[in-house]
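Undergrad: pasting a predicted model and its sequence here:
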Amino acid sequence: MAQKAGHRAGDGDDYPLLREALARLLKDDPFSRYGAHAVGIGRKVVRNKATRRLALRFYVAKKIGLTDLPRERRIPRSFRTLSAKQGREVDLPADVIESPAAELHLPDLESALRPVPGGASCSSSTSVGAGTIGGWVWDNTDDTIVMLSNLHVFGSIGGVIIQPGTPDGGQSPQDRIGTVKRSIALDPYVPRTPSDCRNFVDAAIGEADSSELFDLTVADIGPAVYDTADPAMNDDVEKTGQTTGHTFGRITDADYHVVLPYPDGNSYVICDCFLIEPSDPAQLWGSQGDSGSIVFRQDAGAVFKPALGLYFGGGGVPPNNYGFACKIGNVFAELDLGPLCIAGCAAFVDALYADEAEVGPGGFAVGDAGMAAVAPAQFTLKERQRAHRFHTGLTLDIRKRLMTSARGRGIVAFIDRHRGELLTLLVGDGDTRRALVAALRPILMGAVTTDDVLRRKLTEADIERIDRLAAVGAGKGSSAFRKSLKVLHALFENATGRSLADVLQVSRVKRE
């Protein structure tokens, strides 16, 4: 039985109840009914100060007095809902937040950058203005590295991507860096329930013309994208956009649904996003041209800061500036993407597995000294196709076997700990790439199974090539990388004539 009307839910109960109320609210199209340009959940503001109480938040361009509004257009002070946990009806507060209407953030200035880091200016021949390349991510559909941005920045499939963007002086084809590979189309349908939502992301990916364009970092933030996480209210976040640069903010609404006009003349409702306000109200969080930036959780102690979302718009000027982003989980799910991780290193090593007869023009050859004459990066689709054949899975299978011994786990931990640096060296440093090809290709040559690799006995030439690889890596890597590499390299001392299984003390393999 319902209890006394007017009971107020405690802070600990508010959030799940508010999410249920927000779901019901969407059935009534709050954008048209109340003139809101966004709705969500956040702290209730009283006398310009955020309180501890959560509320349903209605974002409007300008507050209008009740006497000037028809009754049906008035936003209620509270919404009554049944709390199954408390067995009573509770009143959930509503709040009206005055903020500038949402808009897409489009052009501003940036210079040509080679290689191209996340945060750089770009344009597409199938879009308008300029935006930001958020960063580089992994395409699960074909094991390649691709650039991530918004649909309204990259435009439709096949569009030519240039860097910097056209408004910033870029001119195709001189500044061409790739083409639009995939994008998620938007539906103008207005949802009536959360399950009825059709748009969750403004996102697209681009195929780079060459691996030489990769800078697997985001300017001023660090290696990316190597980790992801779900955004949560009160998370401190940061992003780098081509207009405002490196900025800091806080998530104030993790259930944000926004309607906004697009250059094609349609308005679209984008659901399940999150809202960011600047950490310093006097500073900008974002502006025109920042669309496409990746939003990261602030974590000064993390080697790889987790990506939380893909920024695509905002509004206002200080002290009323804000921005919003698609959740990175939705972006990765809809485009079938993943973070740059061990899969990137594994895909490169698997490419070395091909027999020499399968290596065509653009492939590599091993000379008398064992050093690869040419070592293609094979991280773009064109590079993959030139290699004719791409064997997958062998390296990850070996990784599983390594986990059966302490020494093997040490190697896996080394790769995981330094995966950002390793992949950056493989992609961008020819000396490291050639040394790795020279060291690993003879070991992988002709192998069909994991046991084939682990059973092979190391020769004196193998150890010399491993020593050369360690020397090259030590000369290129960070101090932490060099320290770890020194410990790892020590495992191969006096290893001539022994199998990899014996050296690494992994589980026994069947012997012929």
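TA: That came through, no problem.
Undergrad: low-confidence ranges, the chain, go.
TA: 1-13, 106-110, 342-378, 384-393, 508-512 (pLDDT under 70).
Undergrad: list the buried ones in the lengthiest strand in it?
TA: Counting by DSSP state E, the longest strand found in the chain is strand 245-261. Across strand 245-261, burial judged by 16 or more other CB atoms under 10 Å covers 247, 249-260. Where C-beta positions appear, they are placed from N, C-alpha and C, glycine not excepted.
Undergrad: and stretch 320-340, by the same measure?
TA: Within stretch 320-340, the residues that count as buried by 16+ other CB under 10 Å are 321-332, 335, 337-340.
Undergrad: check stretch 116-124 too.
TA: 116-124.
Undergrad: that one: how far from the chain's middle?
TA: Mean C-alpha position of stretch 116-124 versus that of the full chain (CA atoms, centre = their mean, to the nearest Å) differs by 15 Å.
Undergrad: what's the end-to-end length of it?
TA: Terminal residues of stretch 116-124 lie 15 Å apart, using CA to CA, to the nearest Å.
Undergrad: cool, stretch 187-195 as well?
TA: Start-to-end, stretch 187-195 (CA to CA) is 15 Å.
Undergrad: can you list contacts of it?
TA: 22-23, 26-29, 31-32, 197-199, 259, 266-269, 271-272 (CB atoms under 8 Å, 6 or more residues apart in numbering).
Undergrad: quick one on the thing from earlier: tell me the two of the buried residues of strand 245-261 that are most distant?
TA: Across the buried residues of strand 245-261, the longest distance by CB to CB is 24.7 Å; it joins Thr247 and Val259.
Undergrad: how about the helices in the stretch 51-200 of the chain?
TA: 151-154 (DSSP state H, counting those that start in this stretch).
Undergrad: and what about Ser461, helix, strand or coil?
TA: Careful, residue 461 is Ala; it's not Ser. helix (DSSP: H, G, I helix; E, B strand; the rest coil).
Undergrad: need the contact list for Ser499.
TA: Contacts of Ser499 (CB under 8 Å, 6+ apart): 454-458, 509.
Undergrad: nearest to Leu56, of these?
TA: Leu454 (59.5 Å).
Undergrad: would you mark the buried spots in the host helix or strand of that closest one?
TA: Assigned by DSSP states H and E, Leu454 belongs to helix 450-455. With burial defined by 16+ other CB under 10 Å, the residues of helix 450-455 counted as buried are 450-451, 453-455.
Undergrad: okay, among those, which ones form the most distant pair?
TA: Thr450 and Arg455 (9.4 Å).
Undergrad: mind listing the helices for the stretch 301-450 of the chain?
TA: Going by DSSP H, counting those that start in this stretch, the stretch 301-450 of the chain shows helices at 328-335, 342-351, 381-386, 394-402, 406-417, 419-428, 430-444, 450-455.
Undergrad: what about the nearest residue to Phe492 once chain neighbours are set aside, which SS state?
TA: Residue nearest to Phe492 in three dimensions, not counting chain neighbours: Ile466, with 5.4 Å by CB to CB, 6 or more residues apart in numbering. At Ile466 the chain is in helix, as set by three-state DSSP.
Undergrad: just list the residues touching Ile466, thanks.
TA: Here Ile466 is in contact with 439, 489, 492 (CB under 8 Å, 6+ apart).
Undergrad: most neighbours of all those residues, which one?
TA: Neighbour tally across these (other CB atoms under 10 Å): the maximum, 23 neighbours, falls on Ala439.
Undergrad: still on that earlier bit, tabulate the contacts of Ser499 (a markdown table), appending distance to Met233.
TA: What follows is the contacts of Ser499, written out as a markdown table (distance: CB to CB, whole Å):
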| residue | distance to Met233 |
| --- | --- |
| Leu454 | 49 |
| Arg455 | 54 |
| Arg456 | 54 |
| Lys457 | 58 |
| Leu458 | 54 |
| Val509 | 51 |
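Undergrad: okay, now Gly309: neighbour count?
TA: 32.
Undergrad: for Leu113, that is, sorry about that
TA: 18.
Undergrad: quick check: the closest residue to it other than its chain neighbours vs Leu337, distance?
TA: Once flanking residues are discounted, Leu113 sits nearest to Ala120: 5.0 Å by CB to CB, 6+ apart. In this view, Ala120 and Leu337 are 19 Å apart by CB to CB, to the nearest Å.
Undergrad: follow-up on the earlier one: just the buried residues of helix 450-455 now: which is nearest Asp168?
TA: For these, the nearest to Asp168 is Val453 (48.5 Å; CB to CB).
Undergrad: that closest one and Gly473, how far apart?
TA: From Val453 to Gly473 the distance is 21 Å (CB to CB).
Undergrad: repeat that for Arg53.
TA: 55 Å.
Undergrad: of these two, who's got more company?
TA: Taking other CB under 10 Å, Arg53 and Gly473 do not tie; Gly473 has more neighbours (24 against 17).
Undergrad: helix, strand, or coil at the more buried one?
TA: Three-state assignment for Gly473 (three-state DSSP): helix.
Undergrad: do the same with the one 10 residues further on
TA: Of the three states, Lys483 takes helix according to three-state DSSP.
Undergrad: show me what counts as buried in the helix or strand that contains Leu275.
TA: Leu275 belongs to strand 267-278 when elements are defined using DSSP H and E. The neighbour-count check on strand 267-278 (16+ other CB under 10 Å) flags 268-278 as buried.
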